[in-house]
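Trainee: okay, here's the prediction I keep looking at, along with the sequence it came from:
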Amino acid sequence: MSTTQLAAEAIRWYDENARDLPWREPGIGGWPILVSEVMLQQTPVVRVLPAWRAWLTRWPRPADLAADTPAEAIRMWGRLGYPRRALRLHECAVALVARHDGEVPTGLDELLALPGVGDYTARAVAAFAYGRRHPVVDTNVRRLVARAVAGEPDAGPATRPADLVATEALLPAAPERAARASAAFMELGALVCTARSPRCVDCPLAARCAWRASGRTAPPGPTRRPQRYAGTDRQVRGKLLAVLREATGPVPRARLDLVWSDDLQRSRALAGLIEDGLVEMLDDTCVLAGEQPSADG
DNA sequence: CATACGTGGTT
DNA sequence: TAACCAAGTAT
């Protein structure tokens, strides 16, 4: 079977070339892996590393985080971006204590029911923490499969059930080995079969790659670009939250007024943060969610 | 299915 | 410098 060979080659390469990442340490546990997966959502490895270490040092078990405030979780999140993930992780910890005896569950459905855990993360935790044989499909795997198997320059814009089927077909029968294959595919996608400039010369799958065999056809024309970051509500939210993150107590509205001059947009952004549960309003001041009143008032 | 959601490094 | 990119999720 040629598909089985893809996994075999990928694993062989992975054994030699995988990065030495702390959450890959054998037996590390479900919680550290869950935290790493959530942090890695849309965030580069190099920025996650220190945050992951600090987070797990402070909250080694879900119960530790559940006992602390959401505000502290948001603070520890620092500048990783998408701070709602910190809130989701805190909610996760609370749910794990309430529903799963403080442990990260092993089943896909139970994982999927956790806040901030979607299809990718549920599969990643089940496979990498518990050795379950589930296809793990992230953007790297979708790109690699699109190229190596389908011969296309890139995967489609949205995850499709077909991606799951195509990836499942590549997995070895033995669960532990399937999980290793998934890790290998992700690592290959991250380091070799990259989006911009794939390094086919270094690719262990090159000899079997359909895209390379076709002469590396170019992707279709320009896709519609999203809005620029500068000037968006997103940027304003970031500025507002940065002030609250660094403050030790309630912040007067007047101080938040300084971060953005457009009253309408600033109000809209703040309302969004409150709506998302990241920020709370107390009288004429704002605080991070669940912030405890400081002793010194 | 499109869009909102942060941040900072690379090209 | 502007655009692109990085282990997605929720609506």
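Mentor: Received the coordinates, thanks.
Trainee: pull out the buried positions in stretch A:79-94.
Mentor: Residues of stretch A:79-94 classed as buried under the neighbour-count rule (16 or more other Cβ atoms under 10 Å) are A:80, A:82-94. In this view, the C-beta of every residue, glycine as well, is placed from N, C-alpha and C.
Trainee: over to stretch A:253-265?
Mentor: For stretch A:253-265, using 16+ other Cβ under 10 Å, the buried residues are A:256, A:259-260.
Trainee: with stretch A:106-119 instead?
Mentor: So stretch A:106-119, judged by 16+ other Cβ under 10 Å, has buried residues A:108, A:110-111, A:114-117, A:119.
Trainee: over to stretch A:188-205?
Mentor: Under the neighbour-count criterion of 16+ other Cβ under 10 Å, stretch A:188-205 has A:188-193, A:198, A:203-205 buried.
Trainee: which non-adjacent residue is nearest A:Ala190?
Mentor: A:Asn140 (5.3 Å; Cβ to Cβ, 6 or more residues apart in numbering).
Trainee: so what's the one you found up against?
Mentor: A:185-186, A:188-190, A:193 (Cβ atoms under 8 Å, 6 or more residues apart in numbering).
Trainee: now with 7 Å, please.
Mentor: By Cβ atoms under 7 Å, 6 or more residues apart in numbering, the contact list for A:Asn140 reads A:186, A:189-190.
Trainee: of these, which ones also sit close to DNA strand C?
Mentor: Among those, the residues that sit close to DNA strand C (Cβ under 7 Å from any atom of the strand) are A:186, A:189-190.
Trainee: give me the subset of these lying in strands.
Mentor: In strands, judged by DSSP state E, none of the ones next to DNA strand C among the contacts of A:Asn140 are found.
Trainee: make JSON lines out of those residues and add pLDDT.
Mentor: Listed next are the ones next to DNA strand C among the contacts of A:Asn140 as JSON lines, based on pLDDT from 0 to 100:
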{"residue": "A:Met186", "pLDDT": "98"}
{"residue": "A:Gly189", "pLDDT": "98"}
{"residue": "A:Ala190", "pLDDT": "97"}
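Trainee: how about the residues of the stretch 151-297 of chain A near DNA strand B?
Mentor: Residues of the stretch 151-297 of chain A found near DNA strand B (Cβ under 7 Å from any atom of the strand) are A:157-158, A:196, A:224, A:226-227, A:229, A:232-235, A:237-239, A:241-242, A:272.
Trainee: revised request: answer the last question for the stretch 1-150 of chain A.
Mentor: Counting by Cβ under 7 Å from any atom of the strand, the residues of the stretch 1-150 of chain A that sit close to DNA strand B are A:42-44, A:47, A:79-84.
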